[in-house]
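>>> Need a 3D model of the sequence below.
(2 chains)
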Amino acid sequence: MSDDSSKEDVSIVICGEAGQGIQTVESILVQAIKMGGYHVFSSKEYMSRVRGGENSTEIRISSQRLNSYVERIDILLALSDGAIDHLNQRITSETLILGDEKNLKSVTEYDTITIPLFKSAEELGGPIFSNVIVAGVISRVLNISSEIFNEIITRMFSRKGEKIVEKDLEAGKKGHEIGEQLVKSGKIKIQLTKDPQIKYELLLSGTEAVGLGCLAGGCNFMSSYPMTPSTPLQMFMAQNGVEFDLIFEQAEDEIAALNMSIGAFYAGARSMIATSGSGFALMEEAVGLSGMIETPVVIYVGQRPGPAVGLPTRTSQEDLNLTLYSGPGEFARIIFAPGNFEDAFKLSQIAFNLADKYQIPVFILSDQYFAECYYNIPSLDLSDLKIENHIVKTDENYKRYQLTPDGVSPRGIPGFGVGVVVVDSDEHDEEGHITEDLDLRAKMVEKRFTKKMEKIREEVIPPELVGNEDYEILVLGWGSTYGTIKEVVNELDSDKIAFLHFKQVYPLSSDTGKYLKKALKTIIFENNINSQFGNLIKLELGFDIDETVLKYDGMPFSVEEVTNNLKKFLEGL
Amino acid sequence: MDPKIFDMENADVAWCPGCGNFSILSTVKKVLAELEINPEDLVLVSGIGQAGKLPHYVKSNVFNGLHGRSLPPATGIKAVNPELTVIDVSGDGCMYGEGGNHFIHTIRRNPNITNIVHNNMVYGLTKGQASPTTRANFKSNLQVEGVFLEPFNPLSVAIALKASFVARAFSGDMDQTKEILKKAIKHKGYALVDIFQPCVTFNKVNTFEWFRENTYYLEDTHDPSNIGEAFQRAMETDKYPLGIFYVNNDKKTFEENLAVYNKNKSPVYKRKVDLNKLETLINSKRSI
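Residues are numbered from 1 along each chain as shown, chains lettered A, B, ... in the order given. Predicted structure coming up:
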């Protein structure tokens, strides 16, 4: 980072070992930055271990809205011996490296600035205080007032008692002093425009945006089995359970989790589960059950690289096919893949209405990158929020699977009305009892798949077009790549290029073909090796996308990667 | 109440003539009638197997789910609406084999449901293979040299987990079975009733006659609150005791443990989302 930097945004990376408290630094700083009047975005990459290794968190600060990851590092806080090696590919001569002498002594290829982190921490009582000192340094460098910083520290550590708060305030003060010296020495100069309104905005993670949407959707039952990166959503729902009349139960395994949630929806709840790749694989049989007995359920899949255990703490978009084809047999389903928090909230809310309306499983596809990133947004719209009621009171002649023109039979629940509600995983007649009447079987298949899908296709959430409507080049993406591709396409600022983002990936919007045919050339970005979404487009529309950019190393696409690939693509035309 | 209320007039019953399931079916209907449980307030939950078909032959709400997976939905149903009577009907393969993990953890969870397991020591629906409770040396089309696995003992497992109600009955004695089932359904908490039931087609070893000769009732002096004694009796396999082995009245049910029912007893499905609370939660994300 050059001295006279007047960049629009700054990328700060904090790198250290697991257990050092990097997440604490992140939590303090994202709050401080937002409350200080800047836009903030953070994302993290970490190893699947509780101690040691090398983990890093990127925090972007800007006077513009942000929702994307960059490779560029303007300021690196190296808190471990291995930090420089770990991030070597991202460090340039422009990167300002800060750290304690202890961790930087063997670094020869870069200029570094040493700060007395450990000595200061020792003076306060131990290395544990170094994370608050680091937060204090950054906070000062970013010109965030001590009042804001101290308030954050006080709130965050109050649970731990007055003494700890006092120590941490001192640590923050020490950090501020170190930061002050850095600024005065002219070694770091950051000038970003503040907007005082930002402090009134919401600061959320992708997980919280989904969780709030699920609560808004009337979710009142969740059973799940912990698995990264879906566990944070389970925690969010469990912790809000009492306040929102929601039952959360940790099941003995994923199989129990989904079967239990389906039972809950059958009895009148609005239920969901959260899981990831291998955990979801265990649930597949029950996805078929939901399809067969036409009992709704909402399924959140936080994707991570597979197969099997894969890379537990990293990101991917590898499980579109898994969700799309999950469960034996054929039945209707809907798959959402939000790319920003507003959509995550809205789609999660709608997921419950649609599951209930069509009596099907509805999927929300997320991933580690999306679930664990934080940024600020102005608000979440509650104005058109509606929890639709799709339950009927049964009478004596009630038939759970009454054949209707649109394939949807009025859904009763046990104990509401005088009728009985019979659901069966065997092929069944209109009453719900086992049948081997093959003509009826064919009708039931059409009911569960064709007829429902016809209606579902009428209300698909359309893809979002970013950029000029008279584009020649169309960039395609789905789910969590939204922010990064959008930033690049906006930055390129060309009339010729537009970005089409899919937040509903199945079924596809009927507009899709129109958008694709209008383009002279098309290119798709996906976090998998097969271009699963590109293949789905080919399957559904017979359309060949010209270029695929596929990434499957466990990291999200960066702004630079998307930019370089797009430029290369444009040059080759 | 007349047991006929539970009759399904047009039911096409798929069991073999002479099957032990018939007497269980008529006993279940009698029990429900004597306990005055209305069909619309009753949910019969089952998995797959011959026992799993029983709910189809009773007028009731029915959740006939997946093989081995009946207990999780039964738990979910009871949690969402504790006003319902929930009875899980499974076979030995479904409950102790495919669903073994759910069997263990549902006992720990202790929902107020009744778990009836038809135990005929053989797989009926798939035509004659060994089940988890099949005794040693039983030969089948898959166990061609005879069974050598230790038979699963559901009662001792349940007692070891301090299940709240553990009993065994024999379908050849409808009167006693009826009394045991009534107590199980009335019991607050998870109640296991393992019912010996001969498979007339695929188990030529454990016949009506065999069960009659190899079972006896626990004495009136048996104390079901004594877990040590209960366990000891459950371990007897030379001749199998019948009756109520163990009752634990001190356990809170799953539903009672759920925070949503602490102050408000109405089933969760009847409650509406409080949008003001949601707005407050969202706005809390504006401040630190």
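>>> which parts of the stretch 151-288 of chain B sit against chain A?
For the stretch 151-288 of chain B, the contact set with chain A under CB under 8 Å from any CB of the partner chain comprises B:258-260, B:264, B:267-275, B:277-279, B:281-282, B:285-286, B:288. C-beta: built from backbone N, CA, C; applies to glycine.
>>> tell me which element the residue in chain B that chain A sits nearest to is part of?
Nearest residue of chain B to chain A, counting by CB to the nearest CB: residue B:73, 2.7 Å away. Using DSSP states H and E, residue B:73 falls within helix B:71-80.
>>> Quick one: list the elements packing against that helix.
On a contact count with 3 or more CB pairs under 8 Å, 6 or more residues apart in numbering or on different chains; DSSP states H and E, helix B:71-80 meets strand A:221-224, strand A:247-250, helix A:254-266, strand B:42-46, strand B:61-64, strand B:85-91, helix B:100-109, helix B:254-257.
>>> Dig out what the nearest residue to residue B:165 once chain neighbours are set aside forms beta bridges with.
Leaving aside its sequence neighbours, residue B:165 sits nearest to residue B:191 (CB to CB, 6 or more residues apart in numbering or on different chains; 3.6 Å). For residue B:191, the beta-bridge partners under DSSP bridges are residue B:114, residue B:165.
>>> for residue 20, what are its contacts?
Going with chain A. A:79, A:80, A:130, A:131 (CB atoms under 8 Å, 6 or more residues apart in numbering or on different chains).
>>> Chain B was what I was after
Residue B:20 touches B:118, B:120, B:171, B:172, B:196, B:197, B:198, B:199, B:200, B:208, counting by CB under 8 Å, 6+ apart.
>>> the strands in the stretch 351-500 of chain A, which residues?
For the stretch 351-500 of chain A, the strands identified by DSSP state E, counting those that start in this stretch occupy A:361-367, A:374-377, A:391-394, A:411-417, A:422-424, A:464-467, A:473-478, A:497-502, in order along the chain.
>>> angle of the last one against strand A:473-478?
If I follow you right, that is strand A:497-502. Here strand A:497-502 points in a direction 20 degrees away from that of strand A:473-478 (axes from the mean of the first three to the mean of the last three CA atoms, to 10 degrees).
>>> What pLDDT is listed against the closest residue to residue A:314 other than its chain neighbours?
Distances taken as CB to CB, 6+ apart put residue A:554 closest to residue A:314, at 3.3 Å, once the chain neighbours are dropped. pLDDT, residue A:554: 97.
>>> right, and residue A:554 touches residue A:318 too?
No: checked against CB atoms under 8 Å, the pair residue A:554 and residue A:318 is beyond contact range at 10.3 Å.
>>> Show me whatever sits in contact with both of these two.
Residues touching both residue A:554 and residue A:318 by CB under 8 Å, 6+ apart: residue A:305.
>>> More neighbours: those two, which one.
Neighbour count, other CB atoms under 10 Å in any protein chain shown: between residue A:554 and residue A:318, residue A:318 has more, with 22 against 18.
>>> ok, now which ones touch that one?
Contacts of residue A:318 by CB under 8 Å, 6+ apart are A:277, A:303, A:305, A:306, A:527, A:528, A:529, A:532, A:552.
>>> Residue B:229: which of the residues you listed is nearest?
Taking CB to CB as the measure, residue B:229 lies nearest residue A:277 of the contacts of residue A:318, at 48.0 Å.
>>> what does the stretch 1-150 of chain A put close to chain B?
Going by CB under 8 Å from any CB, the residues of the stretch 1-150 of chain A near chain B are A:31, A:35.
>>> What residue in the stretch 1-150 of chain A comes nearest to chain B?
residue A:31 (5.4 Å).
>>> Verify the stated contact: that residue with residue B:285.
No: applying CB under 8 Å as the test, residue A:31 and residue B:285 come out as separate, 10.5 Å apart.
>>> So for the two, which residues contact both of them?
Each of residue A:203 lies in contact with both residue A:31 and residue B:285 under the rule CB under 8 Å, 6+ apart.
>>> Please compare the two by neighbour count and tell me which comes out ahead.
Comparing residue A:31 with residue B:285 by other CB under 10 Å, the one with more neighbours is residue A:31, at 25 against 19.
>>> That one falls within a strand, correct?
No: counting by DSSP: H, G, I helix; E, B strand; the rest coil, residue A:31 is located in no strand; its state is helix.
>>> Can you tell me the closest non-neighbouring residue to it?
Counting by CB to CB, 6+ apart, residue A:31 lies nearest to residue A:152, which is 5.0 Å off, once chain neighbours are set aside.
>>> count of neighbours near that neighbour?
When neighbours are counted by other CB under 10 Å, residue A:152 registers 22.
>>> how close does it sit to residue A:30?
Distance from residue A:152 to residue A:30, counting by CB to CB, to the nearest Å: 10 Å.
>>> Check residue A:565 too.
29 Å.
>>> before we move on, the earlier item: CA atoms only: put the helix holding residue B:73 into PDB for me.
What follows is helix B:71-80, C-alpha atoms only, in PDB (Å, rounded to 0.1, in the frame of the first residue of the first chain):
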ATOM      1  CA  LEU B  71     -39.900 -42.900  16.000                       C
ATOM      2  CA  PRO B  72     -38.500 -39.500  14.700                       C
ATOM      3  CA  PRO B  73     -41.700 -38.400  13.100                       C
ATOM      4  CA  ALA B  74     -43.700 -39.700  16.000                       C
ATOM      5  CA  THR B  75     -41.600 -37.500  18.300                       C
ATOM      6  CA  GLY B  76     -42.000 -34.500  16.000                       C
ATOM      7  CA  ILE B  77     -45.800 -35.000  15.900                       C
ATOM      8  CA  LYS B  78     -46.200 -35.300  19.600                       C
ATOM      9  CA  ALA B  79     -43.900 -32.200  20.200                       C
ATOM     10  CA  VAL B  80     -45.900 -30.000  17.900                       C
END
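>>> Report the contact partners of the residue nearest to residue A:31.
Shown in contact with residue A:152 (CB under 8 Å, 6+ apart): A:28, A:31, A:32, A:35, B:288.
>>> Tell me which residues of the helix or strand containing it come out buried.
Taking DSSP H and E as the definition, residue A:152 sits inside helix A:146-157. Using 16 or more other CB atoms under 10 Å in any protein chain shown as the test for burial, helix A:146-157 gives A:148, A:149, A:150, A:151, A:152, A:153, A:154, A:156, A:157.
>>> Turn the residues you listed into TSV, columns for distance to residue A:229 and pLDDT.
Converted to TSV, the buried residues of helix A:146-157 look like this (distance: CB to CB, whole Å; pLDDT from 0 to 100):
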residue	distance to residue A:229	pLDDT
A:148	30	96
A:149	29	97
A:150	32	97
A:151	30	96
A:152	25	97
A:153	28	96
A:154	30	96
A:156	23	93
A:157	26	93
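>>> With distance to residue B:27 as added columns, please give these in CSV.
Shown next, in CSV, are the buried residues of helix A:146-157 (distance: CB to CB, whole Å):
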residue, distance to residue B:27
A:148, 72
A:149, 72
A:150, 72
A:151, 68
A:152, 66
A:153, 68
A:154, 67
A:156, 62
A:157, 63
